[in-house]
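S.K.: Kindly return the folded structure for what I paste below:
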Amino acid sequence: MNMRTALLFLLAGSSMACGTGTTVIYWVGDGGTDAGDAGVEDAGSEDGGTEAKTCTGQCVPFRPLGWSDPILVATSPGPLIECPPEAPEHHFTKYADLVAGPLACKCGCKPSTGSCILPVTMTASNAACNTPGAVPTSFDPPADWDGSCSSSNAIAAGKQCGGKTCVESLTIGPMQAVDEFCEVDYEPILTGTSDEPTWGLTVIACEGFPEGGEGGCGSGAKCAPAPTPPPEFRVCVYKEGDVPCEGENYTDRLVIYSGFEDKRGCTTCECTPEVEGSMCTATASIYKDDACVDPLLLGYPISSLKEACFDLPAGSALGSKSISNVTYHSGTCQPTGGEPIGQVEALRPSTICCRPKDK
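M.R.: As a prediction, this is how the structure comes out:
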């Protein structure tokens, strides 16, 4: 009789002598035992017989103190994984690897608003346009002119200036564009529909019990389901919070979350007060009479860009003038602000620690 057999009889006899009626024996393998004997749990009957328990799944180490019991965990970058038949009870679905860049903020400005100031000078000359040394004669409109018919500073026909007729050309001073402001174009301030937060991994945890129960693995482990991949379900433990793994058995760490809160935004949009590219245009008409009836020049274009000069028949009468079709042409302002701020915050972290794949 070897030591193993002697030990068996000794323990069995002691148990029966005490009247318990049940014997539990954990085999300790040695060089003379089969590998299949390791971790066999025997339940004895009242007559001293034994019935071996065998793990029908996989033997896994017990949890570290303060962690969950071992569960089966699978991760997927794509569609949600279902729990396998061997572990049909869904424990949780959580997420990892949050992907969320800054918002694509954008500010815009509407076209500027403004008004126009009409020319304040109209000057007749006794020579053609742009002739050096010509003698000027004022044909200026009244102050705060609104462009309606005015006979102010009329020049009679044939009037002499410097030995020549006073009117051979007429120069109308430039208009003035008065810029007010550009309103913020609120519609395109926030874009970012292509920057919706996404999870890189979906994590599902499942539980179940082997057909033969959790025994059959000896004193240092328990029997857990062993689904057939794919997908691959790993044996893990978990704990609330972002914490380090503990012990030597569950060391592959992954922090998982239940959701997120999007705290991203954009700074306030504004428009610079400087306006670029605005201008004013109008049409000027000059009349021989003082009531804007007999036209000398009808509908001549003028603007705020530069003065306008046009030649006239020598000695023409300048009796009255008017301006119509006054138009402010909007300019542009440069937007400011609209910088991305904030971030997406992952919520309610938990830590799962799994058995290394090579174990």
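
S.K.: any residues touching stretch 133-147, and which ones?
M.R.: 118-127, 150, 152-155, 159, 161-162, 164, 166-167, 169-170, 282, 318, 321-324, 326 (CB atoms under 8 Å, 6 or more residues apart in numbering). For every residue, glycine as well, the C-beta is placed using N, CA and C.

S.K.: mind saving the C-alpha coords of it as CSV?
M.R.: Below are the C-alpha coordinates for stretch 133-147, written out as CSV (Å, rounded to 0.1, in the frame of the first residue of the first chain):
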residue,chain,number,x,y,z
GLY,A,133,-4.4,125.8,-63.6
ALA,A,134,-8.2,125.9,-64.5
VAL,A,135,-10.3,128.4,-62.6
PRO,A,136,-12.9,126.7,-60.3
THR,A,137,-16.4,127.9,-59.6
SER,A,138,-18.6,126.5,-56.8
PHE,A,139,-21.8,124.7,-57.7
ASP,A,140,-22.0,123.1,-54.3
PRO,A,141,-25.2,121.6,-53.0
PRO,A,142,-26.7,122.8,-49.6
ALA,A,143,-25.5,121.4,-46.3
ASP,A,144,-27.1,118.1,-45.3
TRP,A,145,-28.5,117.6,-48.8
ASP,A,146,-30.9,114.8,-49.3
GLY,A,147,-30.5,114.7,-53.1
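
S.K.: Pull out the buried positions in that stretch.
M.R.: Neighbour-count burial for stretch 133-147, with 16 or more other CB atoms under 10 Å as criterion, is recorded at 134, 137, 139-141, 145, 147.

S.K.: Check stretch 338-354 too.
M.R.: 338, 340, 343-344, 346, 350-354.

S.K.: Equivalent analysis for stretch 279-291, please.
M.R.: 279-288, 290.

S.K.: Can you pick out the ones from those that are in strands?
M.R.: 279-287 (DSSP state E).

S.K.: which among those gets closest to residue 88?
M.R.: Comparing those against residue 88 with CB to CB places residue 279 closest, at 76.2 Å.

S.K.: The closest one pairs with what?
M.R.: residue 329 (DSSP bridges).

S.K.: who touches it in this structure?
M.R.: Residue 279 is in contact with 177, 303-305, 329, 331, counting by CB under 8 Å, 6+ apart.

S.K.: pLDDT score for it?
M.R.: If you check residue 279, the pLDDT there is 98.

S.K.: And residue 228, by the same measure?
M.R.: In this model, residue 228 carries a pLDDT of 89.

S.K.: Kindly provide the distance from it to residue 53.
M.R.: 22 Å (CB to CB, to the nearest Å).

S.K.: Who has more neighbours out of the two?
M.R.: Using other CB atoms under 10 Å as the criterion, residue 228 and residue 53 rank with residue 53 on top: 19 against 9.

S.K.: these two touch, right, that one and residue 216?
M.R.: Yes - using CB atoms under 8 Å, residue 53 is in contact with residue 216, at 4.4 Å.
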